[in-house]
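>>> Following is a predicted model, sequence given first.
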Amino acid sequence: MKTITVAIAGNPNSGKSTLINAIAGTNLQVGNWPGVTVEKKTATLKIDDLIINLVDLPGTYSLSPYTQEEVIARDFLVREKPDLIIDVVDSTNLERNLYLTVQLLELGIPIILALNIYDEAKKKGYEFDIEKLQELLGIRVIPTVATKKEGIKEILNAIKDFAYGFYNITPKKINYGEDIESSIKAIEENLKVTNPLLLSKYPSRWLALKLIEGDELVMKEVDLIGDETFLQEAKSHLFKSHDEDIESMLADIRYGIANGVTRDVLKKKDGKRVDFTEKIDRIVLNRYLGIPIFLFAMWFVFKFAFDFSAPFSDWIDTTISGPVTKWTFHALTVVGSPQWVISLLTEGVIAGVGAVLVFIPVIAVMMFIITLLEGSGYMARVAFVMDRLMHSIGLHGKSFIPMLLGFGCNVPSIYATRVLETERDRKLTALLVPLMSCGARLPVYVIFIGAFFSDHAPTVLWSLYVLGIFMAIALGFILKKTLYKGFAPVFIMELPPYRVPVFRDLMIHTWQKLKHFVIKAGTYIFAVSVIMWFLLNTPYGVEKENSALGRIGKTISPVFEPLGFGTWEASSSLVAGLIAKEVVVSTMAQIYVKEEVEEEKEGVDKEKGFIDDLKDAFLSFGFAIRDAIENLISGFGIKSLSANEEEEQRPLKSKLQGIFTPLTAYAFLAFVLLYWPCVVVGIAMKQEFGSWKLYGQALVIHSLLAWFVAFAIYQGGRILGF
Amino acid sequence: MIPLALIGGGEKAEIIDFIKQGRGILSRLRDMGFFAGKIVEVISNEGCGLMLLKVDDTRVAIGRGMAMKIMVRRLQ
């Protein structure tokens, strides 16, 4: 058995991730690089008796230490010393990509160059002298078309040949010119004598080059303080002959080499030069058309995501609250479990976990669309178009995407912050997202609006959505000036050519993301559901008012007194809303309208047998598919916004009318809109940002915001005489 | 020598120099292919907001503030 570690490097937009998917397929594991939120993909392949550990490095333009991605890539290459690098290069843009290749060569690690997107280059009339490219750089070169899986077998064979020593790859030491070379030599020789340990830790030529460049990170790491004199000596002649800084001088040399090599190996004949990208961009980025086109695209995404997934969500919902609960109940009764176990499992665990499973279709569809938009190249255009507007709240255009998705459900929006580059942007956006009124808040609105504002229903509903947006702008403004200071970093971004993404890739990405969510959310929600059940049911069998939750509600209710709804019932429901905002309604129903409803339900479908229920579940899944497709084709109204829970809630409505006034009802709605984001959002934040800190911030900030807004509404309303 | 931000859409320019700014920003520009001697094509420049450029065969959007700090020579 032989094991070989292969790192995959390359520029962004070189088709790297498609290539990895093509090589690794379903073996791909997605995680994060330790301590950071940069995605890390790995895979272990077994070919005959060779084990290949693939590690995907973040896409970078260079190995200078100015972005997180670059530091990760170079740390891995320098410290873990992979046996081989696969350098993925966009053949249509060879010179630019070779700049990174030249830097990879400095590490002295053998390289297989994947000349990717080879078909497009051919179409453009490019002809490559592959032999010569191999010879000039001392690498192995293999043309690939990752989207069509061309060249993948060759790459695997090349890895095998290399691993068994059939094909030796010795990276060329490229001559950087007399001045630099003499400095490299001087440093290497000095270190050989004074610090041999250091030389064994790093690739020596690379280390020397970094010391010449004065690379801050390396200087700090190798800790040569006190020994700078020899460095200065070795570099002194460089300062004399070049007045510009040495770093840019080296960059110039590297670009020079990339340019020279490209000229030697690439012949550009006249090919078909239809530049679709340019044509599409002329429309999509147009000053007047840009925003309308974008809004239309977003509307489509929104509609597609929710209309298409809604029937599946409904199906999961009815299956879990219906047959699954019912048969668990029966099974537990048959084996003679005590009453409280049955209640814990059905009302606590199944109901709680079920509430999260309902999110799965939405998240899946959303992740799919986001990957699609990204893979096609349109996402970069969105940032371009929306940039000016978003600048006013201290963010880039790209932040607009997660915020808009937030109207459907905040959870996928948190994941969608992934499209943003910097940690600050991502966190700031994630903090604003929960102010977008998500679908789960709708049941709360619907019941209160039905009870108090039925004459002005659309206006009141609309006002809540607008209030959310308004608050997001205000909060963005405040956070920009306080917690998340700093400028939106300098805007420089490549607009990749439009490409049709590979369906297989989209599915792999969607699946990876989903798997992650189900496992993580499943465990947390399980725990939270159990806790909530205990809160509502300890001591067991007492009135809700005296349960732990009821008491918590009672204790904190004075806080809500100035807002007009300081009852223990309201406060308990708000606490329960932590699980998901629609739980506010179901808790209220449980508290106000005791058990009647439940008993009714059981009576109705007890006659149906297990097989019947199973059949029903399958049948209704079929209906869900039909509905999803129907929703897609027909109906221009957004389905997910039409609420359909009218009939059941009549008793609750009349109860509410006795307790709330229109003014307190509106203050309560504003509070529900703005207060702490649900725990599923918290899990998403934890997953994306690595700690609970951001969710902690969100809990505090949003609760304060909600309190003040509700306070202003209630007290202001009272003064105005409502 | 004028700032890149003043070059109109459809025109080409050669980069001459950069006005001093943060080290990180300069090398970011350099890594994306902007360095002295490089020829840049301005695809669109609408007088405000982002500029769309073409370097090599790559389209790059950059902020106006940055474009003011890249000094170029207009090419006919």
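Arrived safely, thanks for sending.
>>> Could you check how far A:Thr555 is from chain B?
To chain B, A:Thr555 is 51 Å away according to C-beta to the nearest C-beta, to the nearest Å. C-beta coordinates here come from the backbone N, C-alpha and C atoms, glycine included.
>>> Can you name the helix or strand that that residue falls in?
helix A:548-560 (DSSP states H and E).
>>> any residues touching the next helix or strand after that helix, and which ones?
Following helix A:548-560 in sequence order, the next helix or strand is helix A:568-576 (DSSP H and E). If you take C-beta atoms under 8 Å, 6 or more residues apart in numbering or on different chains as the criterion, helix A:568-576 is touched by A:532, A:536, A:544-545, A:549-550, A:552-554, A:556-557, A:559-560, A:565, A:583-585, A:587-588, A:591-592, A:659, A:668, A:671-672, A:675.
>>> The residues you listed, buried ones only, as a PyMOL selection?
Buried residues within those, by 16 or more other C-beta atoms under 10 Å in any protein chain shown, are selected in PyMOL with:
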select buried, chain A and resi 532+536+544+549+550+552+553+554+557+560+565+583+584+585+587+588+591+592+668+671+672+675
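>>> what does the stretch 451-600 of chain A put close to chain B?
Taking C-beta under 8 Å from any C-beta of the partner chain, the part of the stretch 451-600 of chain A that reaches chain B is made up of A:490-497.
>>> Can you list the buried residues in stretch A:560-568?
A:560, A:563-565, A:567-568.
>>> Nearest to A:Lys123 among those residues?
Set against A:Lys123, the nearest of the buried residues of stretch A:560-568 by C-beta to C-beta is A:Leu563 (65.3 Å).
>>> ok, now which ones touch the residue lying closest to the closest one once chain neighbours are set aside?
Excluding the flanking residues, the one nearest A:Leu563 by C-beta to C-beta, 6 or more residues apart in numbering or on different chains is A:Ala710, at 4.3 Å. Neighbouring residues of A:Ala710 by C-beta under 8 Å, 6+ apart: A:563-564, A:667-668, A:670-671, A:674.
>>> mind running it again at 6 Å?
A:563, A:667, A:670-671 (C-beta atoms under 6 Å, 6 or more residues apart in numbering or on different chains).
>>> now the residues you listed in JSON lines, with distance to A:Arg79?
What follows is the contacts of A:Ala710, written out as JSON lines (distance: C-beta to C-beta, whole Å):
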{"residue": "A:Leu563", "distance to A:Arg79": "55"}
{"residue": "A:Ala667", "distance to A:Arg79": "57"}
{"residue": "A:Ala670", "distance to A:Arg79": "53"}
{"residue": "A:Phe671", "distance to A:Arg79": "51"}
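>>> is the helix or strand bottoming out on mean pLDDT in chain B anywhere near chain A?
When each helix and strand of chain B is scored by mean pLDDT, DSSP states H and E, helix B:23-31 comes last, with a mean of 79. Yes: residues of helix B:23-31 contacting chain A under C-beta under 6 Å from any C-beta of the partner chain: B:24-25, B:27-28, B:30-31.
>>> Does anything pack onto that helix? Which helices or strands?
In terms of contacts (3 or more C-beta pairs under 6 Å, 6 or more residues apart in numbering or on different chains; DSSP states H and E), helix B:23-31 is packed against no helix or strand at all.
>>> for it, which positions count as buried?
So, applying 16+ other C-beta under 10 Å, buried residues of helix B:23-31: B:25-31.
>>> what do you get for stretch A:392-406?
A:393-406.
>>> same thing with stretch A:538-545?
For stretch A:538-545, a neighbour-count test (16+ other C-beta under 10 Å) marks A:Lys544 as buried.
>>> which outside residues touch that stretch?
A:340, A:548, A:550, A:591.
>>> again, only using 8 Å
For stretch A:538-545, using C-beta under 8 Å, 6+ apart, the contacting residues are A:340, A:536, A:546-548, A:550, A:554, A:568, A:572, A:590-591.
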